[in-house]
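Enquirer: let me see the structure of the following:
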Amino acid sequence: MTSGTSRIPVPFSGEGAGTGELTWGQQGIWLTMGKTGRTMNIGGAMALPAGTPLAEMVAVLRYLVSRHQALRTRLAFGPDGTPRQVVSASGEATLEVLDLAAGEDPDEVAEALRVRYESVPFDHPVEWPIRMGVVRRSGELTHLVVQYCHLSVDGFGIEAAVRDLSSMDKSTATTTAPVAGHTPLELARRQQSPAGQRQSEKSLRYWEQLLRALPAQRFGESGDRREPRFWELVCRSRAMHLAMRLIADRTRSDPGHVLLAAYAVALARVTGRSPSVAQVLVNNRFRPGCAESVSHLTQPGLCVIDVADATFDEVVGRAWKAATGAYLHGYYDTYAHQALLARVARERGEELDISCFVNDRRGPAAITDEPLPTPEDVTAARALTTVHWGRRLPTYDGSFYLHVDPVPGAVELAVWADTHRLSPAEIEACGRELESVTVEAALDPAAPTGVTAATGTRLAV
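Expert: Below is the predicted model of the structure:
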């Protein structure tokens, strides 16, 4: 246990205040939080350089909250419970300082603080949407821990805020540089404008076209239900990393499209169902005024990828086309989107199971100028693959959720799945098939997917 905890009040003031509707990205997170009961808090912990002064951390917190309206945003609720965002011009944040007791491990204390910040829901009408704490040992800071309310920022918004720190004057916690990118209130006004509504309607027409054409069900029922219901499988594969590089070079494709193709083929092999469906996370940062916006802009885009009776290279091309459509139409009014899903399901007379997600978080790390591997390199790397079970939770964001992260010289897959829809053996098969399909395709450009239109049966596992 830490020897003591102190809290430093950090007054702040910034430009801009007011009340407005939630942005489309905020609507989506709000609905997901309500559906799953998860906090959705986002952030992490990092070791600090030796000699980092406490005053600098105070200045960073003051700067971030003063500078960015998203971090001065709380919620107000109408009589029907509908939330609205409220931006304040001033207030007081808190920096928590944890002093270590003798013998305590600073890494462990920082992780425990991160878990506490992540697991405790924000009090949205009262609490500012940023929690910041530092770990101190014998007067020296060792770690910084930050968690944000996901309603205020997505991962790209956090990256924009971090980039903006380079303009901060550490002695005054101010800057003369103008704030870049739309604020959440500006985004909400633009989204509610006639032009914004036309964009939403265009996106939803695209969604409706796909929803009416795809098969309603993805998985069927699992023969091995477990509790807690949602299981995480973690796979680290150098072979898949190398294989995807070879395929991307051969097909002149983005590594993300190769990953999406591998997901589509692996899921179809295990479930016996094609086409595969994925909701990809569209960052929407390519839209005017959004690149440096400290806000939540990410929304799901829908991909439908037919993998039957094709080579893997052909599926890569189909994944590119599907992803392009998803990116262009991943910007819409979330409340109207939910109404669309309900209406199409009602008119089709069956629920639509599209709760499959792919979150490729590799970014620029997926592209490298290293020499291309040889087929022998790919084959030899399979011996280095590791697979293990991770966390188990009573609820999660979808029936199947693939997170992809870069690690040095490899790729790490976190496969979350509902054991009521896929058995643990099938979840593991999905993780292993992701590697298998890419390795097969890397070694043989004519490699078929192994899925036919008449398959209709699950892979035996």
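
Enquirer: end-to-end on stretch 268-275?
Expert: In terms of C-alpha to C-alpha, to the nearest Å, the two terminal residues of stretch 268-275 are separated by 7 Å.

Enquirer: other residues contacting that stretch?
Expert: 214-215, 217-220, 264, 267, 276, 304-308, 422, 426, 429-430, 433, 437, 449-451, 453, 455-459, 461 (C-beta atoms under 8 Å, 6 or more residues apart in numbering). Yep, even glycine has a C-beta here, placed from its N, CA and C like the rest.

Enquirer: try stretch 361-379
Expert: Contacts of stretch 361-379 (C-beta under 8 Å, 6+ apart): 155, 239, 242-246, 249, 254-256, 259, 360, 403-406, 411, 439, 442-443.

Enquirer: make it 7 Å
Expert: Under the criterion C-beta atoms under 7 Å, 6 or more residues apart in numbering, residues 239, 242-243, 245-246, 249, 255-256, 403-406, 439, 442-443 lie in contact with stretch 361-379.

Enquirer: what's the answer for stretch 429-436, then?
Expert: Here stretch 429-436 has contacts from 233, 235, 237, 239-240, 262-263, 266-267, 269-270, 385, 387, 413, 415, 459, 461, using C-beta under 7 Å, 6+ apart.

Enquirer: name the SS class of the most centrally placed residue in the chain, please.
Expert: Centroid-nearest residue in the chain, with C-alpha atoms, centre = their mean: N359, separated by 5.5 Å. Secondary structure, DSSP: H, G, I helix; E, B strand; the rest coil: N359 is strand.

Enquirer: got the domain ranges for this protein?
Expert: According to automatic domain parsing, the chain comprises the domains 4-190, 209-443.

Enquirer: would you list the ones you listed in JSON lines and tack on mean pLDDT?
Expert: Shown next, in JSON lines, are the domains of the chain (pLDDT from 0 to 100):
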{"stretch": "domain 4-190", "mean pLDDT": "96"}
{"stretch": "domain 209-443", "mean pLDDT": "95"}
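
Enquirer: what about the residue nearest to the centre of the chain, distance to P129?
Expert: To P129, N359 is 22 Å away according to C-beta to C-beta, to the nearest Å.

Enquirer: what do you get for G43?
Expert: Taking C-beta to C-beta, one finds G43 at 11 Å from P129.

Enquirer: which residues do these two both contact?
Expert: Y148.

Enquirer: show me the strands in the stretch 251-400 of the chain, by range?
Expert: With strands called from DSSP state E, counting those that start in this stretch, the stretch 251-400 of the chain shows them at 276-282, 299-305, 356-360, 386-393, 400-407.

Enquirer: closest one to P184 among those strands?
Expert: Closest approach to P184 among the strands of the stretch 251-400 of the chain is made by strand 299-305 (14.3 Å; C-beta to C-beta).

Enquirer: parallel or antiparallel, list what pairs with the closest one.
Expert: strand 276-282 (antiparallel) (DSSP bridges).

Enquirer: on that earlier part again, for PyMOL, write the selection for the buried entries among the contacts of stretch 429-436.
Expert: In PyMOL, the members of those classed as buried (16 or more other C-beta atoms under 10 Å) are selected with the following command:
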select buried, resi 233+235+237+239+240+262+263+266+267+269+270+385+413+415+459
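
Enquirer: of all the strands of the stretch 251-400 of the chain, which lies closest to L141?
Expert: The closest of the strands of the stretch 251-400 of the chain to L141 is strand 400-407. By C-beta to C-beta, the value is 27.3 Å.

Enquirer: isn't F400 up against I354?
Expert: No. Shown here, F400 and I354 do not form a contact pair, counting by C-beta atoms under 7 Å, at 10.4 Å.

Enquirer: so for those two, which sits in the more crowded spot?
Expert: F400 (27 against 22; other C-beta atoms under 10 Å).

Enquirer: can you point out the buried residues in stretch 112-125?
Expert: Neighbour-count burial for stretch 112-125 [16+ other C-beta under 10 Å]: 112-114, 117-118, 122, 124.

Enquirer: same question for stretch 284-297.
Expert: Applying 16+ other C-beta under 10 Å to stretch 284-297 flags 284-285, 287, 290-297 as buried.

Enquirer: what does stretch 92-106 give?
Expert: Under the neighbour-count criterion of 16+ other C-beta under 10 Å, stretch 92-106 has 93, 95-100, 104, 106 buried.

Enquirer: against S276, how distant is the spatially closest residue to A266 that is not a sequence neighbour?
Expert: Among residues not flanking A266 along the chain, E433 sits closest, at 3.7 Å (C-beta to C-beta, 6 or more residues apart in numbering). To S276, E433 is 12 Å away according to C-beta to C-beta.

Enquirer: who has more neighbours, those two?
Expert: It is S276, of E433 and S276, that has more neighbours when counted by other C-beta under 10 Å, with 30 against 23.

Enquirer: is it correct that the more buried one is in contact with D306?
Expert: No. With contacts counted by C-beta under 7 Å, S276 stays clear of D306, the gap being 8.1 Å.

Enquirer: may I have stretch 442-450 as PDB, with CA atoms only?
Expert: Taking Å, rounded to 0.1, in the frame of the first residue of the first chain, the C-alpha atoms of stretch 442-450 are listed here in PDB:
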ATOM      1  CA  ALA A 442       2.400 -15.700 -48.900                       C
ATOM      2  CA  LEU A 443       3.900 -19.000 -50.000                       C
ATOM      3  CA  ASP A 444       1.500 -19.600 -52.900                       C
ATOM      4  CA  PRO A 445       0.000 -16.700 -54.900                       C
ATOM      5  CA  ALA A 446      -2.700 -19.000 -56.200                       C
ATOM      6  CA  ALA A 447      -3.700 -20.200 -52.800                       C
ATOM      7  CA  PRO A 448      -7.500 -20.700 -52.600                       C
ATOM      8  CA  THR A 449      -9.500 -19.500 -49.500                       C
ATOM      9  CA  GLY A 450     -10.800 -23.100 -49.000                       C
END
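
Enquirer: which residues sit against it?
Expert: Taking C-beta under 7 Å, 6+ apart as the rule, stretch 442-450 contacts 243, 246-247, 250, 265, 269, 307, 310-313, 315, 375, 378, 440-441.

Enquirer: and that stretch, how far out from the chain's middle?
Expert: Its chain's C-alpha centre and that of stretch 442-450 lie 30 Å apart, by C-alpha atoms, centre = their mean, to the nearest Å.

Enquirer: quick revisit: roughly how far apart are the residue nearest to A266 and S167?
Expert: In terms of C-beta to C-beta, E433 sits 46 Å off from S167.

Enquirer: what do you get for A291?
Expert: For A291 relative to S167 (C-beta to C-beta), the value is 16 Å.

Enquirer: residues near P228, how many?
Expert: Count around P228 with other C-beta under 10 Å applied: 12.

Enquirer: so what's it up against?
Expert: For P228, the contact set (C-beta under 7 Å, 6+ apart) comprises 392-394.

Enquirer: now, of the residues you listed, which are buried?
Expert: Here, 16+ other C-beta under 10 Å leaves nothing buried among the contacts of P228.

Enquirer: closest one of these to S200?
Expert: L393 (32.1 Å).
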